[in-house]
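>>> Got a predicted structure here, sequence first:
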Amino acid sequence: MTHINYFLWRNTLLFSLLMTLALVGCQKEQTASKKKEQPKEKETHPMETSTPVRGDNAIYYWKTTFRFAESDSLFLADHNIKRLYLRYFDVVDENNDAVPNATLRFIDPIPRGVEIIPTVFLEHKLFTHARFVDTLPELLLQRIRTMSETHDIGPIREIQIDCDWTKGTEQPYFMFLEKLRDLLIKERIRLSVTIRLHQLNMPVPPADHGILMCYNTGSVRDYLTVNSILSARDVAPYAHRLKDYTLPLDVGYPAFSWAVCFENKAFRFLLRGLSPDHPNLQQKKDNLYIVTTDFEQEEQWLSTGMEIRFEKAEMQEIMASQALIEPQLDRHSVLLYHLDSTQLSNYTPDEIKRIYNYSPVVVQ
Amino acid sequence: MLFSSVPAFACGPFRMYTESAEDLPLFRFDWSLEKELKEQTEANLRDWQTYTGQRDIALEDIRQVVYQYTYEELLLIEQRNLPDWMRFNDFVAYLRKQNDKEAIRFLLLAKKCERERFKRFDPWWYPTKEELDYQDMREILEEALAYKGSRLKARYLLQAVRAAVTMEDYTLCRRLWHEQFKQLPPSAVREMAEEYLAGVEYRAENWHAAMTHYGNIYRFGEEFWTCIRQLNIEDTPLEKAHFLLRQTPNTQWIIEEANRHLIKSDSCSPKERAAWTELAMQAIHDSRVEQPAMWWQLLAYSAHQQGDNYASLYYINQAIQAKGSKATHDYVRIFQIYLQALTGTYDKAFDNAITGQLTWLDKRIRANITPAIIERYDDWDMFANWGHYYYNDALRRIALTVMIPRYLQKDKEVEALLLAGMVSERYRTLVDYRKKLEEKDAWGNPWNPDFRTDIFEMMDTLSTQGVAGYIQVLEKGGENAFQRFCATHCYKNPDYLKEILATKYMREESFDKAASLLAEHHAAYDTTLNIYDSFYYEPFAEPLYARKKVSSPMHYKLRFATQMNDLQQVMYTAQSPHLKAEATFRYALGLLRATCDCWALTQYVQGSGEPKDYQVWISRLQKKAQQLTVKAFTYTTDREFNYKWLNIFLNAGWQPHSPERDVAKQLRKEYRTADFYLYRQAVCDTRKDWLSKKRSKKL
């Protein structure tokens, strides 16, 4: 190597080293400056380890008594369900006081291997005023904490609030969520909320993520509704809102059925355990049946002439809804409502799998 | 409202005020059978007071410690580390001074139990693992059952029951009750424990047991009636009543229902009545019934309503001797007085007996009066008999509707007046009415309230002799116990009494006696009379139609009485026919005026509200005036003199009535043809002219 070549080689090497160092330094600066620019919300997010893996399968448990049968265990295993949204209690307004109602009774122990997310349903009329905003978060959190400790549920990484808020109740409800979130952050717990389709048109609630409830899309009390549980036609108008929705969303689909009872075309009540095969019913058309002889069902009296509309979450509607919604979402989880072996037996394991593992049909 | 067998009388106090006394309440039951929580609390405090052996420890001090102090504050007592504010509490002082560790330890346990139980009432409470297992309550239960002493045994057992209930160990609750509590004597604490048992059985849907417990502690609320419904008792009231009488004989509903059928119902058939009466007799002879007196009382009311006062008296006498509450015995005795008044003989023996009863009733009126009752007193309402205060209302009812009419029937006007005087004034005295008196009429002028009372009504309408006798008793004190008792409580203003008596004398034309009395009373008293403004017209002004104002209203009645008395003297003693006639004419004029324009001389009201009794003596006086007038025309033949007087009387539009009319007509005929007529004619050219001048009152 000549003297000049050496100097060239050395200078090139030095230059490369210098450049490398400079580049690394810039990147660090960039990273540091980016961190400074990040909004406060991001800085206050819980630690990374508490963030659930997006894309997990999940399911709701929405009964007042917790019984966990072998079939339930198998279901969770078969479908790789990692998260169970467990309704702990409701909160209702009773004589101008916010009180818990229908608290879950634990008969069986909580299954291992699945994360429990305590879910609380709040009656929206609690937020017709701001009376409970200051006290409710702490009361709620303390109760959830005690219930979880008593029944060996934990660690709690997420809490969900289910509330069908309206324009009139929005502000107090959002204030409540903010206060709750402040408390949860200290304990590194995430806050999720349910979002109904029509609420996609409304301001985004202050939470860490949401569950889009893709069910009860129609008006159950309307005699003319064909299927209030789920109709893709009802979902379609809202699908375009998803892209711009700033709250990360998972999506929940129905896996239940019920009988909607009418008398003279006026809504009377819902029944969960009635079958179209009942001998006192006669099909009128499609899913509409008529009572031919009086009988009692689930402590309700069905008179001759009453009409029953049997509704079920149909696979094609679920699939159609998925096609509308899921392409708009990113790394989302799918939830089913809800864990009830009788209701879930209306679907084959394959159907369940298809719901959980939706992928769009690619036309070649 | 209530049947009465009192006969009606032609005279006496049966006008607009006293007649309404029939509506005053008489039948009353002690409906406080159902005990309230505050009574239980008070009974508990009294038990604590008894425990300390010091009756001067205020219940309020005990209440604060037992019900209001926190656990931490009680600990300070145990640690003898009292803050200043606690040193003023006498119960704390007792605990400290006596160093009653037993009581303090108990209070701490009770407070702990209360705290642990009460937190469970918080709707937001959820049990921890330990609480799920009732570990906290177990410790309390163990400590409660570990007590071996006797002074606080019941109280410790109560804590054990409370802990067991919280733990939902109902078997233990029942065992504690049956094996331990039932052996203890009745007390507020035992009652509290039984209330828990009632709740336990209710929750367990042991309806019969729950009903029995509720009945034992007199809790006849919603839970009790739910038990009854669940037991599917026969739906007829009588069957239900029989069932309850067997199971919970002190249920207030039973006697309420019996009352409804036997007394309040008009449509109870004889068979039904007999059935309810039989139920009442069963209740009376059931040793578990706490107030058989109430059942006897019910039968007495029922018999009275059916018109059998002697049977009623028998039942009420049984009630007097039977067991019952203080209030029940009051009502029973009041009804007994009423029945005795209805069936009494109204002789001396009766007077003596009834005096004792009225004295007792007077004491009850005094004993039960409260500041609230005094505050709401309204004099108008009292005399309108709108019912204000039961004890006084009962007295008025008995006196005005039974005793006074009976005394009048027996011509014992003085006794009747004394009783009326007593019931009119006694209650006013108790409420200090006259000290607060500020009565005004509609124009804001002072108003004398002594002319709307029962006694005034009676004095105004009964005989003058009776009123005189009444006033004599008031002045001298009475000849027997009855008179003395009543007289003590009557209104004794001498001006008031003399003025009324004088007016009554004037109505009888005893103007000498009237003048004598009016001379004694104070002239200034007249200005307090409500009719004082009507002392306006001159009673002797001429002609009769003339309305001449008096120079002064002072001594209005006295002047009139004196003048009438003087005229009477002349009428009966004068020899001169002119004098006699003049006096007679003027006397008649006075009599007539005193019954119309100058009515205030002899009346206290005119027009609306005027008593019908007034018409009796008004008619008499007017008739007398007419008779005197006609007679006076015959005393002298002086036609001019007679005509003048005829003119005076006739020109008022006053026409003589009945037999005197013919005489007057005759007189008028004679005067038309007499010389005097011709004399009158000299003044007038024609008869027509004379008639017109007469009409225009120029003649």
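Cool, got the structure.
>>> what number of residues lie near the closest residue to chain A within the stretch 151-300 of chain B?
Closest to chain A within the stretch 151-300 of chain B is residue B:168: 14.2 Å, counting by Cβ to the nearest Cβ. From N, CA and C alone the C-beta is placed, and that goes for glycine too. Each residue near residue B:168 was counted by other Cβ atoms under 10 Å in any protein chain shown, and the total is 13.
>>> That one should be in a helix, yeah?
No: counting by DSSP: H, G, I helix; E, B strand; the rest coil, one finds residue B:168 to be coil, located in no helix.
>>> Need phi/psi at the closest residue to residue B:531 other than its chain neighbours.
For residue B:531, ignoring the flanking residues on the chain, the nearest one in space by Cβ to Cβ, 6 or more residues apart in numbering or on different chains is residue B:600 at 4.4 Å. Main-chain dihedrals, residue B:600, degrees, to the nearest 10: phi -60, psi -10.
>>> Which of the helices or strands spans the closest residue to chain A within the stretch 301-450 of chain B?
Here the stretch 301-450 of chain B gets closest to chain A at one residue, residue B:372, 32.9 Å apart by Cβ to the nearest Cβ. For residue B:372, the host element (DSSP states H and E) is helix B:371-375.
>>> Can you mark which positions in that helix are buried?
residue B:373 (16 or more other Cβ atoms under 10 Å in any protein chain shown).
>>> which strands and helices sit next to the helix or strand following it?
Downstream of helix B:371-375, the first helix or strand assigned by DSSP H and E is helix B:379-383. When contacts are defined as 3 or more Cβ pairs under 8 Å, 6 or more residues apart in numbering or on different chains; DSSP states H and E, helix B:379-383 sits against helix B:413-430.
>>> The helix or strand just after the helix it packs on relative to helix B:413-430, how many degrees between them?
As assigned by DSSP H and E, the chain's next helix or strand after helix B:413-430 is helix B:454-461. Here helix B:454-461 runs at an angle of 150 degrees relative to helix B:413-430 (axes from the mean of the first three to the mean of the last three Cα atoms, to 10 degrees).
>>> other SSEs contacting helix B:454-461?
For helix B:454-461, the elements it packs on are helix B:413-430, helix B:494-507, judged by 3+ Cβ pairs under 8 Å, 6+ apart.
>>> downstream neighbour of that helix in the secondary structure list?
As assigned by DSSP H and E, the chain's next helix or strand after helix B:454-461 is helix B:464-476.
>>> tilt between that following helix and helix B:413-430?
Interaxial angle of helix B:464-476 relative to helix B:413-430 (the same axes, to 10 degrees): 50 degrees.
>>> Send me helix B:464-476 as PDB with only the CA atoms.
Extracted C-alpha coordinates of helix B:464-476, given in PDB (Å, rounded to 0.1, in the frame of the first residue of the first chain):
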ATOM      1  CA  THR B 464    -134.900  35.700  86.600                       C
ATOM      2  CA  GLN B 465    -135.300  33.900  89.800                       C
ATOM      3  CA  GLY B 466    -132.900  31.200  88.600                       C
ATOM      4  CA  VAL B 467    -130.300  33.700  87.600                       C
ATOM      5  CA  ALA B 468    -130.600  35.500  90.900                       C
ATOM      6  CA  GLY B 469    -130.100  32.200  92.700                       C
ATOM      7  CA  TYR B 470    -127.000  31.500  90.600                       C
ATOM      8  CA  ILE B 471    -125.500  34.900  91.400                       C
ATOM      9  CA  GLN B 472    -126.200  34.400  95.100                       C
ATOM     10  CA  VAL B 473    -124.300  31.100  95.000                       C
ATOM     11  CA  LEU B 474    -121.400  32.700  93.300                       C
ATOM     12  CA  GLU B 475    -121.400  35.500  95.900                       C
ATOM     13  CA  LYS B 476    -121.800  33.200  98.900                       C
END
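>>> pLDDT averaged over the helix or strand just after it - what is it?
Sequence-wise, the next helix or strand downstream of helix B:464-476 (DSSP H and E) is helix B:481-488. In this model, helix B:481-488 has an average pLDDT of 95.
>>> between helix B:481-488 and helix B:413-430, how big is the angle?
Using the same axes, to 10 degrees: helix B:481-488 against helix B:413-430 is 40 degrees.
>>> so what's the residue of the stretch 301-450 of chain B closest to chain A up against?
Listed by Cβ atoms under 8 Å, 6 or more residues apart in numbering or on different chains, residue B:372 has no contact partners.
>>> What's opposite residue A:119 in the beta bridge?
residue A:87, residue A:160 (DSSP bridges).
>>> quick one: it and residue A:59 touch, right?
No: contact criterion Cβ atoms under 8 Å: residue A:119 and residue A:59 do not qualify, at 11.5 Å.
>>> Those two: which has the busier surroundings?
More crowded of residue A:119 and residue A:59, by other Cβ under 10 Å: residue A:59, with 28 against 24.
>>> Now do residue A:95: how many residues are near it, please.
For residue A:95, the neighbour count with other Cβ under 10 Å is 5.
>>> Can you pull the phi and psi angles for it?
Torsion angles, degrees, to the nearest 10, at residue A:95: phi 50, psi 50.
>>> Give me the distance between it and chain B.
Separation of residue A:95 from chain B (Cβ to the nearest Cβ, to the nearest Å): 11 Å.
>>> So the closest residue in space to residue B:286 that isn't next to it in sequence versus residue B:243, what's the distance?
Distances taken as Cβ to Cβ, 6+ apart put residue B:249 closest to residue B:286, at 5.4 Å, once the chain neighbours are dropped. Per Cβ to Cβ, to the nearest Å, residue B:249 is found 11 Å from residue B:243.
>>> before we move on, back to that, can you verify the residue nearest to residue B:286 is assigned to a strand?
No: Residue B:249 sits outside any strand when classified using three-state DSSP, being coil.
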